[in-house]
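J.: I'll drop the sequence and a predicted model, then ask my questions.
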Amino acid sequence: MFSRKTATALLLIILFVLFAVVLTFFGGEPPVSHPLGSVVITAVAPLIHAATWFSSSSADAWEHYFFLVDASYRNAVLEKELEAGRQALHQLREADLENRRLRRLMGFAAQTPYVAVVAKVVGEDPTRWFKSIIIDRGSADGIKPGDPVVMPEGIVGRVAEVARGYSLVLLLIDPNHAVDARISRTRARGVVVGGREAGCNMLYVLKKEDVAPGDTVITTGLDNSYPPGLVVGSVSSLSAQSEGMFKAVTVLPFVAFDKIEEVLVLTGKPSPSDWQGQ
């Protein structure tokens, strides 16, 4: 089978040969009109005109087709380059955000007298029995069970289990977590434990103590779990229980536990006497 372009070319060749034969047959010096000349010209000329138009249109169509193919290819290349640019820009933005977080962490670490190990959050407790996270640092980095885990915003929790390259951190908001704390403004003491929701409860706060919503809660360092003065959260609500000698105090942590990406693990802790002496 001939292609459309080849067929058009053959048709043109045949018509032009036919037209040349007619001119040769009827031509002369000087030209002599022949009775069949006008008939042949009338029959052949429209065919030649149509073939010429078809050839020109077909060539234009092919050129347009190849132009579209080329444009489509160039467009696909540009789309890939644009997507690569978007990905690179996204990676640069993520790297910039991570660098800012790490600089903030390191600045916070420089203000503490404890050895601090930067760790990245790589997962959550798959059992869902505890409110905990998994970090990418472990015993090989000097981390031990019980080490405090903190951020510039406040305490995150403490190390519960350690492997060579990973650790499980029990979060402040877990019901099994407890920390000795006090109200920064009035020094009223209590024990902050994780609640069923995202908040915590401050237990054993005497009714006589001056506590108000918005008060900042900090660690005392008396439980040998955390250094003193670390921020826990703020009082969100309180009420005097009808019976007993304690207030019901709710504490909202400053740390957004669903957005944690990097943390500091405090290792090489000074002795409790050093904590209390600060």
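T.: Noted; the coordinates are in hand. Numbering: from 1, shown residues only.
J.: tell me how many other residues surround G85.
T.: When neighbours are counted by other Cβ atoms under 10 Å, G85 registers 10. Yep, even glycine has a C-beta here, placed from its N, CA and C like the rest.
J.: let the chain start at 591 from now.
T.: With the count now opening at 591, the last piece we talked about shows up as G675.
J.: in a helix, it, correct?
T.: Yes: with DSSP: H, G, I helix; E, B strand; the rest coil as the criterion, G675 is part of a helix.
J.: if I look at it, how far off is L668?
T.: Taking Cβ to Cβ, to the nearest Å as the measure, G675 and L668 are separated by 10 Å.
J.: please apply the same query to P703.
T.: Noted for P703: a distance of 56 Å to L668, by Cβ to Cβ.
J.: and if you look at G780?
T.: For G780, the distance to L668 (Cβ to Cβ) stands at 63 Å.
J.: show me which of those two is the more surrounded one.
T.: Neighbours were counted for G780 and for L668 using other Cβ under 10 Å; G780 has more, 24 against 10.
J.: what strand or helix carries that one?
T.: Per DSSP states H and E, G780 falls inside strand 779-784.
J.: average model confidence for the helix or strand following that strand?
T.: Next along the chain after strand 779-784, taking DSSP H and E as the criterion, comes strand 790-796. Strand 790-796 comes out with an average pLDDT of 94.
J.: over to stretch 823-835?
T.: Stretch 823-835 shows an average pLDDT of 83 in the prediction.
J.: any residues touching it, and which ones?
T.: With Cβ atoms under 8 Å, 6 or more residues apart in numbering as the test, stretch 823-835 has contacts from 744, 773, 782, 789-790, 792, 795-797, 801-807, 837-845.
J.: now with 10 Å, please.
T.: Residues outside stretch 823-835 that contact it (Cβ atoms under 10 Å, 6 or more residues apart in numbering) are 743-745, 762-763, 771, 773-775, 782, 789-790, 792, 794-799, 801-808, 836-845.
J.: in strands, which of these fall?
T.: In this view, those that belong to strands under DSSP state E are 744-745, 771, 773, 782, 790, 792, 794-796, 806-808, 836-843.
J.: quick check on these: which are buried?
T.: The neighbour-count test (16 or more other Cβ atoms under 10 Å) marks 744-745, 771, 773, 782, 790, 792, 795, 806-808, 836-837, 839-843 as buried among the ones in strands among the contacts of stretch 823-835.
J.: could you list the domains of this structure?
T.: 591-701, 705-866 (automatic domain parsing).
J.: break down the protein into its strands, ranges please.
T.: With DSSP E as the criterion, the chain has strands at 705-714, 722-725, 738-741, 744-752, 757-761, 768-773, 779-784, 790-796, 806-809, 821-830, 836-843, 852-857.
J.: which strands border the first one, and is each parallel or antiparallel?
T.: According to DSSP bridges, strand 705-714 forms sheet pairs with strand 722-725 (antiparallel), strand 852-857 (antiparallel).
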